[in-house]
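[1] the following block contains a protein sequence and its predicted model.
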Amino acid sequence: MPYISTKTNLEITKEKENVLKQKLGKAIELIPGKSEAWLMLSFEDKVNLYFKGQSDQGIAFVEIKLFGSANSGIYDKMTAAITDILKEELSIAPSQIYVRYEETKNWGWNGSNL
Amino acid sequence: MPYISTKTNLEITKEKENVLKQKLGKAIELIPGKSEAWLMLSFEDKVNLYFKGQSDQGIAFVEIKLFGSANSGIYDKMTAAITDILKEELSIAPSQIYVRYEETKNWGWNGSNL
Amino acid sequence: MPYISTKTNLEITKEKENVLKQKLGKAIELIPGKSEAWLMLSFEDKVNLYFKGQSDQGIAFVEIKLFGSANSGIYDKMTAAITDILKEELSIAPSQIYVRYEETKNWGWNGSNL
C-alpha cells in the first residue's frame, strides 16, 4: 500500500505526467512486496515552493508513504531512482529534490484496515 | 486535535463539501476524546491521482492526523465510516479508497504545544 | 533538512508570500542545526479548510517536517514563532492555527539518503 506524492513548482504536462506515472510504477518495485498494483500517486504542479529562500529553479518535494517498513538501503536506492526520474523528465537538478519516507502502521483499504 | 485531509480526482461541489464536512464531523467521534469541536478538515478535489496506474475511476486518499493515538480497532471503525461516507456522497468504490493514519506527538494550537 | 507546509483558506499575495518566506527562513533557526540554507517551503492558499465545522474565518494548518528530531521545548518556541508570523502577516487568530511536527528517519537529497 504505497502512496507517492510529487509536488513541484514547475508545470507537468499530461504527457509528462503519464511518463512519470509509468516510471514511478516501475520504481516502486525496488521496495520488496510493493508494485504498481497497489500504488496510488498524486502529482501537484505549479506549487508555490521555495528552497534555500529561492524559487527561480525547478524544485521537487516527494513523499513516499508506505504501509509497513523497509530497510534504509532500499530507501536509498528508491531515492536514487526517483531523483533520476525527475531529473530526466522534468530537468530538475538532484540538489533541488527532497525525497521523504513515512512508514505507516495503520492503513485502510476497501473499508477496513490492513 | 485531529485533522482529516481528503484528496480526490473527482470534483466536489460546495453542497457535497458541506455534507462531507458534517458527516466527517460526526465520524470523528468514533475516536475517543475527539469531536468536531477540535476537528480541522481540508478538501482537495480534481487532484491528479492515479491508482494501479489508472485515473479513469473515482479515487480518494484520506489522511487522518491525530494528536496522540488510539487503538487499532478504533481506526478500523473509522476507516469503515470514512469509506461509507465517500461511497455514499461521491460514489467512489471502496476498493479505490486509501485511509492513512498518522499519530502525532508534537502538536501546536493557539501559539503553544499541547 | 526541514520542510514547512503552510495551508490556509485565505489568499496569500505574492508580496505576503515573500514576507512569509523570509520570516519562516529566520524562524527555522530556532531548531538547532537548521537554517534557511536547507529549508524547503510550500504555500497553498485558498484551500477548502474547515475548523470546528466553520470556514468563515481565517484558518491555517502548518506542518513542519524535520530530518531527525528536537526536544519538545524547541517545538514549543517554534509554534509560538509560526503563530506570531501568521497572525501578523495574514491576520489569522492563534486559536485558528494548528502547527504539527513530523520527525523523519529517512530523508533523501541530491540522489541519496542522509
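    Done, it's in.
[2] okay, CA-based contacts and neighbour counts for the rest of this
    Noted.
[3] quick check: buried residues in whichever helix in chain A runs longest?
    Scanning chain A for the helix with the most residues, using DSSP state H, yields helix A:72-90. For helix A:72-90, burial by neighbour count (16 or more other CA atoms under 10 Å in any protein chain shown) applies to A:75-87, A:90.
[4] of those, which is the nearest to B:T104?
    Ranked by distance to B:T104 (CA to CA), those are led by A:Y75 at 22.8 Å.
[5] quick one: is stretch A:2-11 near chain C?
    No: judged by CA under 8 Å from any CA of the partner chain, stretch A:2-11 makes no contact with chain C; its nearest approach is 9.1 Å.
[6] where does chain A dip in pLDDT?
    Filtered on pLDDT under 70, chain A yields no residues whatsoever.
[7] pull up the residues of it that are close to chain B.
    A:21-22, A:25, A:36-44, A:104-113.
[8] among those residues, name the ones in helices.
    Per DSSP H, the residues of chain A next to chain B map to helices at A:K21, A:Q22, A:G25.
[9] ok, for the second one, nearest residue in space, not its chain neighbours?
    When you say that, I think you mean A:Q22. B:G53 (7.2 Å; CA to CA, 6 or more residues apart in numbering or on different chains).
[10] again with the first one
    Excluding the flanking residues, the one nearest A:K21 by CA to CA, 6+ apart is B:G53, at 6.9 Å.
[11] surely that neighbour touches A:E36?
    Yes: counting by CA atoms under 8 Å, A:E36 is a contact partner of B:G53 at 6.5 Å.
[12] joint contacts of these two?
    A:G25 (CA atoms under 8 Å, 6 or more residues apart in numbering or on different chains).
[13] ok, back up a step: dump the buried residues of helix A:72-90 to TSV, plus distance to C:L66.
    Converted to TSV, the buried residues of helix A:72-90 look like this (distance: CA to CA, whole Å):
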residue	distance to C:L66
A:Y75	17
A:D76	18
A:K77	21
A:M78	19
A:T79	17
A:A80	20
A:A81	22
A:I82	20
A:T83	20
A:D84	23
A:I85	24
A:L86	22
A:K87	24
A:L90	26
